[in-house]
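S.K.: Build me a model from this:
(4 chains)
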Protein chains: 2
Amino acid sequence: MLGLNERKFKILEAIINDYIQTAEPIGSRTIAKKYGLGISSATIRNEMSDLEDLGLITQPHTSSGRIPSASGYRFYVDSMMSSRPLTQEEAMFLQRMIIDNIYQIEYMMQETAKALAGLTRYPAIVSEPKLIKTKIKHVQLVPLDEKSLLLVLVTDNKTVKNQVVNLNAAPGYDTLTRLSQALNYSLAGKTVKEINRSLIDSLLNIFGQQAHVLMPVLGIIADMIQAEDDVRVFTSGVKNILTFPEFADIRKAEAIFHALEDREMLIAILEQSGNLSPDSIQITIGEENSLALLKNCSLIRANYTIDNQSTGSIALIGPMRMDYAQAVSVLSGILLNIKHVTHALGL
Amino acid sequence: MLGLNERKFKILEAIINDYIQTAEPIGSRTIAKKYGLGISSATIRNEMSDLEDLGLITQPHTSSGRIPSASGYRFYVDSMMSSRPLTQEEAMFLQRMIIDNIYQIEYMMQETAKALAGLTRYPAIVSEPKLIKTKIKHVQLVPLDEKSLLLVLVTDNKTVKNQVVNLNAAPGYDTLTRLSQALNYSLAGKTVKEINRSLIDSLLNIFGQQAHVLMPVLGIIADMIQAEDDVRVFTSGVKNILTFPEFADIRKAEAIFHALEDREMLIAILEQSGNLSPDSIQITIGEENSLALLKNCSLIRANYTIDNQSTGSIALIGPMRMDYAQAVSVLSGILLNIKHVTHALGL
DNA sequence: TGTTAGCACTCGCACGTGGCGAGTGCTAAT
DNA sequence: ATTAGCACTCGCCACGTGCGAGTGCTAACA
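M.R.: Down below sits the predicted model:
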């Protein structure tokens, strides 16, 4: 891999680790003093010159110290980074958080974002699991008043959604109970795609006089499940952006803030550069990002799975000078815990 | 009121309006040129000196222009500000937004925050209506699996909440339907405080073998309704803070950002300085705010009412140099529309 | 041949200086 | 009572200077 000898490797490591922490260019003398490599600053200078030729580090200006280049980070992420296991407390904290919230997806996503941002100090984005292949678990029609009823939909990934259905005349309690029962009998265990003509016909038959209720209800069920729009997206720790010196220029920070308040943009970020197999963590650095907004940021991204079908996304945003090792370990800790907990509970 | 003659009044008005727009101290010559008052800059200087003695304006430094003081803003808000009616489009936009979302409180609050922030360019905070005095409208128990059921609670202000109830053994569909019916018969139209011992006893009687289900369910209902905690709070336009020159210093902006990401803090802001009669709009300026965080900000605050009982809060935060007239008109436009729409729909 | 000390050079940055301009208060004339 | 005129203040910006961190190169050394 680029044929770095051990000394170059160590010097590059020192530069990257130092820069990740301090955000300041680092010079040969500093490396010699701070990281006892047993060689003089002059030697380090020669090595650094080589590393620069390899494109792994650059100088912001002639005669200043070096900083990692985008390829430098890429090399670091691919070949140098050692994963830093979570502390006992961190692991426990994450597990607790997930167990406590696993039955209420919305809160869990919110808390997951909070935990991620809290532990890493980077802004976190988390999306609710998508329901595309999700099965209907239970449908319930609840009376509200003369002209409306409430449709409660439970899906097999424990998400609960409700929506008011307005009608000219809503059936009463008993009728609704009967209709709920019929709907459940026909729909439970099905995905939206499986709601076909013959199913609808048989339901219409059962609904009889109340047939006018059926179509709006089915339409809303389909909407609830299919609507891309319906995926909620949560953020946390957006304020952390202000702590990064690379965003000291308010206008740069503003662009990111704008994006992180815009749902569409958040979805674009989470879905950037296509699909991603579950359990794998993707890191895109600077120009590797397709979104212009992220060209001088890094994005750490993963999908999580709540059951075996529907998945949501998790991402962390930071400057290119991210603490990748820490961010990755926290993120994979979360993924692992989600997996274990959902598995243990048989979801 | 402080005995300002018309000329002083106009000069003060010019200073405040100009400063609200430009955030720059304004001098006598500028006033003379920009606002044709028909008097010379020297005269304006004399008047400004008087206004300064009255404490309505100050100089950031000797020999710079004047800016309004906190008392100046207070005087402006109390005695000078002319309300600026919304444009036709703005009014229509707000009405449309409210009508579209009135049946889904959560979205409506989110959209209200968005609209407020969008129209005013100030960060907006909106809280869900509190349910304290709210009546139970409908309760439904929905089967999930062998060990859990879903409790759906509809209250008389159209809010829907659900929570999973874990049990050792959950009853089946038919039993749950029967229990739902019993619960509704006993609880519909009641507030939480009206759930008393004799009511519980009669319910326990009805539940018979399934008595073990009742207490958890009642407890959760009470929690859902009473929990202060449960009020969701929405923000929008937080990023706008970065556009105010008074927060150019990142550390000042940071404090606000921190608060606006913290639920507890948001609630504290919304509830600052106690109660507020519905329909009235409260403006607190700088030091008038009890929260240290807001000492150099202004807060525009109001409560809205969804039915006649449960109310939520709306607030806008800005620098003391806020465009009070515009902010107030947008906010009162929203309040008015909520009122009209809920009334028209008989909520 | 690889390593290191020494040195001249570069360049960003912090700092002091001085001129400029917007603004003021005061005085004297209208 | 109003205003022109004037001396004065003070923040801001452009400019020059010195400092320090860092570099590359060369020559000496193991």
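
S.K.: Could you use CA atoms for every contact and neighbour count after this?
M.R.: Noted.

S.K.: Count the neighbours of A:Lys193 for me.
M.R.: The tally of other residues near A:Lys193 (other C-alpha atoms under 10 Å in any protein chain shown) stands at 12.

S.K.: Against DNA strand D, how distant is it?
M.R.: 62 Å (C-alpha to the nearest atom of the strand, to the nearest Å).

S.K.: Can you identify each of the strands in chain A by residue range?
M.R.: Listed in chain order, the strands found in chain A under DSSP state E are A:57-58, A:67-68, A:124-127, A:136-145, A:148-155, A:160-166, A:233-236, A:281-285, A:297-305, A:311-319.

S.K.: For the first one, name the packing helices and strands.
M.R.: Helices and strands touching strand A:57-58, as assessed by 3 or more C-alpha pairs under 8 Å, 6 or more residues apart in numbering or on different chains; DSSP states H and E, comprise helix A:41-53, strand A:67-68.

S.K.: re earlier: could the strands of chain A go into CSV alongside mean neighbour count, distance to B:Asp78 and mean pLDDT?
M.R.: What follows is the strands of chain A, written out as CSV (neighbours: other C-alpha atoms under 10 Å in any protein chain shown; distance: least, C-alpha to C-alpha, whole Å; pLDDT from 0 to 100):
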stretch, mean neighbour count, distance to B:Asp78, mean pLDDT
strand A:57-58, 23, 60, 96
strand A:67-68, 26, 57, 96
strand A:124-127, 28, 43, 96
strand A:136-145, 23, 45, 86
strand A:148-155, 21, 45, 86
strand A:160-166, 19, 43, 83
strand A:233-236, 24, 39, 95
strand A:281-285, 19, 54, 96
strand A:297-305, 23, 48, 93
strand A:311-319, 24, 45, 94
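
S.K.: May I see the helices and strands packed on strand A:57-58 arranged in JSON lines, with distance to DNA strand D as well?
M.R.: Converted to JSON lines, these look like this (distance: least, C-alpha to the nearest atom of the strand, whole Å):
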{"stretch": "helix A:41-53", "distance to DNA strand D": "5"}
{"stretch": "strand A:67-68", "distance to DNA strand D": "9"}
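
S.K.: Tell me which of those sits most buried.
M.R.: A comparison of the helices and strands packed on strand A:57-58 by mean neighbour count, using mean count of other C-alpha atoms under 10 Å in any protein chain shown, puts strand A:67-68 on top with a mean of 26.

S.K.: Neighbouring strands - and their directions - for that one?
M.R.: Strand A:67-68 has the following sheet partners, assigned by DSSP bridges: strand A:57-58 (antiparallel).

S.K.: which residues touch the strand it pairs with?
M.R.: Contacting residues not belonging to strand A:57-58 are listed as A:48, A:51-52, A:66-69, A:71-72 [C-alpha atoms under 8 Å, 6 or more residues apart in numbering or on different chains].

S.K.: what about stretch A:118-137, how long is it end to end?
M.R.: 34 Å (C-alpha to C-alpha, to the nearest Å).

S.K.: my bad, stretch A:22-42
M.R.: First residue to last in stretch A:22-42 (C-alpha to C-alpha) measures 23 Å.

S.K.: Need the mean per-residue confidence for it.
M.R.: In this model, stretch A:22-42 carries a mean pLDDT of 91.

S.K.: Could I get the buried residue list for that stretch?
M.R.: Neighbour counts over stretch A:22-42 (16 or more other C-alpha atoms under 10 Å in any protein chain shown) mark A:23, A:25-28, A:31-32, A:41 as buried.

S.K.: quick one: is the lowest-mean-pLDDT helix or strand in chain A near chain B?
M.R.: Every helix and strand of chain A was ranked by mean pLDDT, DSSP states H and E. The lowest is helix A:211-226, at a mean of 80. No: applying C-alpha under 8 Å from any C-alpha of the partner chain, one finds helix A:211-226 out of contact with chain B, separated by at least 13.8 Å.

S.K.: Measure how that helix sits relative to strand A:148-155, angle-wise.
M.R.: In terms of direction (axes from the mean of the first three to the mean of the last three C-alpha atoms, to 10 degrees), helix A:211-226 departs from strand A:148-155 by 40 degrees.

S.K.: helices or strands up against helix A:211-226?
M.R.: Helix A:211-226 packs on strand A:160-166, helix A:197-207, going by 3+ C-alpha pairs under 8 Å, 6+ apart.

S.K.: nearest to chain B, of these?
M.R.: Comparing the helices and strands packed on helix A:211-226 by their distance to chain B (C-alpha to the nearest C-alpha), the top pick is strand A:160-166, with 6.7 Å.

S.K.: Report all helices and strands that the closest one contacts.
M.R.: In this structure, strand A:160-166 makes packing contacts with strand A:148-155, helix A:211-226, judged by 3+ C-alpha pairs under 8 Å, 6+ apart.

S.K.: is it possible to export those to CSV including distance to A:Val328?
M.R.: Shown next, in CSV, are these (distance: least, C-alpha to C-alpha, whole Å):
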stretch, distance to A:Val328
strand A:148-155, 31
helix A:211-226, 31
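
S.K.: Make CSV out of the ones you listed and add distance to DNA strand D.
M.R.: Supplementary listing: the helices and strands packed on strand A:160-166 in CSV, determined by distance: least, C-alpha to the nearest atom of the strand, whole Å:
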stretch, distance to DNA strand D
strand A:148-155, 58
helix A:211-226, 54
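
S.K.: Show me the one of those that comes nearest B:Leu203.
M.R.: Of all those, it is strand A:148-155 that lies closest to B:Leu203, at 24.7 Å by C-alpha to C-alpha.
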